[in-house]
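> Just to be clear, the model below is a prediction. Sequence and coordinates:
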Amino acid sequence: MKRIAALIGRTAVACWHHGSPHFPPLPAWAPGPAYRCPQIRHLAAKQNKGQFKGQKINSKPVKLEKQQKQEVEIKQRMTVSELAKAMNKDIDHVYEALLNTDVDLEELEPDTVLEEKWIKEAVKRSGMKHKWAKLVETKVRENKDIQRQPPPDPAQLVPRAPVVTIMGHVDHGKTTLLDSLRKSQIAAQEAGGITQHIGAFRVQLPSGEKITFLDTPGHAAFSAMRARGAMVTDIVILVVAADDGVMNQTIESIQHAKKAKVPIIVAVNKCDKPQADPQRVKEELVGHDVVCEEFGGEIQANHVSALKGDNLLELAEATVTLAEVLELKGDPTGLVEGTVIESRSDKGKGPVTTAIIQRGTLRKGCTLVAGKCWAKVRFMFDEYNQAVSEAGPSIPVEIVGWKDLPSAGEEILEVESEQRAREVVEWRSYMEEQDKIKEDQQAIEAKQKQHQESYNKDRESMAHLSWRQRRAALYRANKHKLSHRLSEKTEIEELTLPIIVKGDVDGSVEAILNVLESYDADDQCELDVVHFGVGDISERDINLAETFSGTIYGFNVAANKSVQQMAAKKGIPLRLHRVIYKLIDELKDDLSSKLPSTTEENIIGEASVLATFDVTVGKKKIPVAGCRVQKGQLDKKMKFRLVRGRNILWEGSVTTLKHLKDEVLTVKTGMECGLSLDNEELEYKPGDEIICYSQSEIKQKISWDPGF
């Protein structure tokens, strides 16, 4: 208080000294103030904000700098993630900025394209200002792809060996036929007697002619591979068992050959069997437009026995004769062209492909492109794993030196240099990315259109309501979705089977994936292929399966001891098979195990209530129904149901079951009994039915039928 009084006093003196209107000026004789201090002037002057007592006053006024708003470059058709990046914020910031707008945040994804007004609104609400990004003229990227060469000069063409494809139904003797021709034991090494992937072999006949054979699988799962074999072949040998006749895969093989416009030679196999009927087989083939010579057609038919070697030489000569008629020629000069027949990953060699050369001569050091992969040829091997120095038209060869693993069926083209190969691969990857962007954009636009139509429809139905009423109505409509979201997520997780597929070669994996594409039981259990690849099971596969809680299916691949121990420790199921239909059968079992079991009810007996009365037990009166068993029997251990008309009044168990005065466990047809139920409040009426039944759980089976 003393300090405040002193301050007031000094202020008064100062005001008087300066002639304040509240205080008259001092007379001339009056002495001045007892002391003068610069603080007096400071107190009389206006003090700047933030200036402490005793600080000097600057002569120049302080100018406050205006805070500049952050500028955000925007453009048309920005996605949520692009806008967040332009604002230097995370995606959640954009969501928060669009709260309480007409934008449906539930449907907003990072890749959702925003309208211009919502882009500007989000920037404005974030305390920023927008500016349009400068239009940059996009240059059309030069096409760096490579195409096949124009047709060669006929003068450069030389005769080449025919490429012959063996086709037909499973177990009709295709591989045994090749074994007899090339004196090998491939069939004995194959699992289940089924060829699991394409084999390319070259056979030299006693007469000196050479034929390149493609042994394509006959199993239904390998339909795509059979089609690929027909596309690179000159002649198709259609093998049909004389004791079995035309089957499903036989018909498919005929269709593939006709689609490729390839001539057919029929080999009626297993003619040595007692039940063989070659004539019936040829008659069946007529129904599929395969007319043999004896029926007035142009197709040769040979009766052979691949197991005993009967008439195989005649079949080979017929093939060579047809090849001469076709006048097959190839160009061994110029850049190499070919087709990938099979691809696999070898531990010692790395990515390896089996290819048929169709033009040029492949040599060590050539640079090849197939799809989005390229190779500098390091080694070449024939079908007997012997190193070869070159391979011309119609010659099958294994190629080592690929940087990545190309897919089976890819076109092989030679380029001048490694740099050119990289350009081609980069261009193809770029084009694939552009195509994917277009597909994604179309999907996004379709989804937005669907959402907008649904939104407009909802708004029209609520147009007569006020804003608050609309909010309340929307909340009530979506309330059940929010409450069930967690349980639905759990249910979906339980009814999903994530799988990882690994195969020995690319064609095998492709065949398995083709089978999985036919899966049509998503309403029962969703099948999710999270990864597929070529090679043995690795630790990476185990870690991936653990992440997705998945199962690993291996086809003709192995898992070393450490990988198996790791899988066992983490509880990852490993399904390793060498026959595809066994793999699919186990997959179906795993899918079925995911399904909830169903309860089946079996009615054991039926009884009708004839009369009702009460029995006193202690101080309680217990209602009792007097019944007669009409059908089956009543078993006290089972469940019971009380039915009146069409209504079920009660379900439970029987506490007392008596025949005459004796407690019994069962009462059979025609016998009378008295029974009391575990619900003492029930009232029985004459005419009610008592049904005795049992319940058993039954495992559901997946409805998917892959066709074998």
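All right, it came through fine. Just so it is clear, the model here is predicted, and its values are computed rather than measured.
> the strands in the stretch 351-500 of the chain, which residues?
362-363, 367-370, 373-381, 390-391, 396-402, 411-415, 496-503 (DSSP state E, counting those that start in this stretch).
> can you map out the helices along the stretch 1-150 of the chain?
Ranges of helices in the stretch 1-150 of the chain, per DSSP state H, counting those that start in this stretch, are 2-17, 38-44, 80-87, 91-97, 116-125.
> ok, now the stretch 401-550 of the chain?
418-461, 467-494, 506-517, 539-548.
> elements contacting the longest strand seen in the chain?
When the chain is parsed with DSSP state E, its longest strand is strand 598-617. If contacts are counted by 3 or more CB pairs under 8 Å, 6 or more residues apart in numbering; DSSP states H and E, strand 598-617 sits against strand 620-635, strand 672-677, strand 689-698. Heads up, the C-betas are built off the backbone N, CA and C, glycines and all.
> give me that answer again for 7 Å
strand 620-635, strand 689-698 (3 or more CB pairs under 7 Å, 6 or more residues apart in numbering; DSSP states H and E).
> what's the model's confidence in the last one, averaged?
In this model, strand 689-698 carries a mean pLDDT of 91.
> Distance from the strand or helix carrying I237 to the middle of the chain?
Element membership for I237 (DSSP states H and E) is strand 235-241. From the chain centre to the centre of strand 235-241 is a distance of 36 Å (CA atoms, centre = their mean, to the nearest Å).
> Show the subsequent helix or strand relative to that strand.
In N-to-C order, the element after strand 235-241 by DSSP H and E is helix 248-259.
> For that following helix, which helices and strands make contact with it?
strand 163-168, helix 223-231, strand 235-241.
> Go through these and find the least confident stretch.
Taking the mean pLDDT of the helices and strands packed on helix 248-259, helix 223-231 comes last: a mean of 63.
> can you map out the strands along the stretch 51-200 of the chain?
So, for the stretch 51-200 of the chain - with DSSP E, counting those that start in this stretch - the strands run 71-74, 129-132, 158-159, 163-168, 199-204.
> among those strands, which is the most enclosed?
strand 163-168 (a mean of 27; mean count of other CB atoms under 10 Å).
> So for the closest residue to G652 other than its chain neighbours, what pLDDT did the model give?
Leaving aside its sequence neighbours, G652 sits nearest to D678 (CB to CB, 6 or more residues apart in numbering; 4.8 Å). D678 is assigned a pLDDT of 86 by the prediction.
> start the count at 57, not 1, going forward
Shifting the count to begin at 57 puts that one at D734.
> Check whether D734 really touches T711, as I assumed.
Yes - counting by CB atoms under 7 Å, T711 is a contact partner of D734 at 5.2 Å.
> where in this protein is pLDDT low?
Residue ranges of the chain with pLDDT under 70: 57-123, 191-196, 238-255, 272-286, 522-524, 526-527, 530-550, 764.
> Let me see the domain layout of it.
127-188, 217-383, 393-481, 549-651, 654-755 (the TED database).
> got CSV for those, with distance to Y511 too?
Output for those, formatted as CSV (distance: least, CB to CB, whole Å):
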stretch, distance to Y511
domain 127-188, 7
domain 217-383, 43
domain 393-481, 41
domain 549-651, 28
domain 654-755, 40
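> nearest to E516, of those domains?
domain 127-188 (14.1 Å; CB to CB).
> Please put the alpha-carbon coordinates of the strand holding I293 into PDB.
C-alpha atoms of strand 291-297 as PDB (Å, rounded to 0.1, in the frame of the first residue of the first chain):
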ATOM      1  CA  ILE A 291       2.400 -81.700 -85.300                       C
ATOM      2  CA  VAL A 292       0.200 -83.100 -82.600                       C
ATOM      3  CA  ILE A 293       0.200 -86.800 -81.800                       C
ATOM      4  CA  LEU A 294      -3.200 -87.500 -80.100                       C
ATOM      5  CA  VAL A 295      -2.800 -90.600 -77.900                       C
ATOM      6  CA  VAL A 296      -6.100 -92.400 -77.100                       C
ATOM      7  CA  ALA A 297      -6.300 -95.600 -75.100                       C
END
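> How about the contacts made by the spatially most central residue of the chain?
The residue lying closest to the centre of the chain (CA atoms, centre = their mean) is V585, at 4.5 Å. Contacts for V585 (CB atoms under 7 Å, 6 or more residues apart in numbering) come out as I555, V557, L572.
> Kindly recompute the last result at 8 Å.
In this structure, V585 makes contact with I555, I556, V557, L569, L572, judged by CB atoms under 8 Å, 6 or more residues apart in numbering.
> measure it to K757 for me?
V585 sits 21 Å away from K757, going by CB to CB, to the nearest Å.
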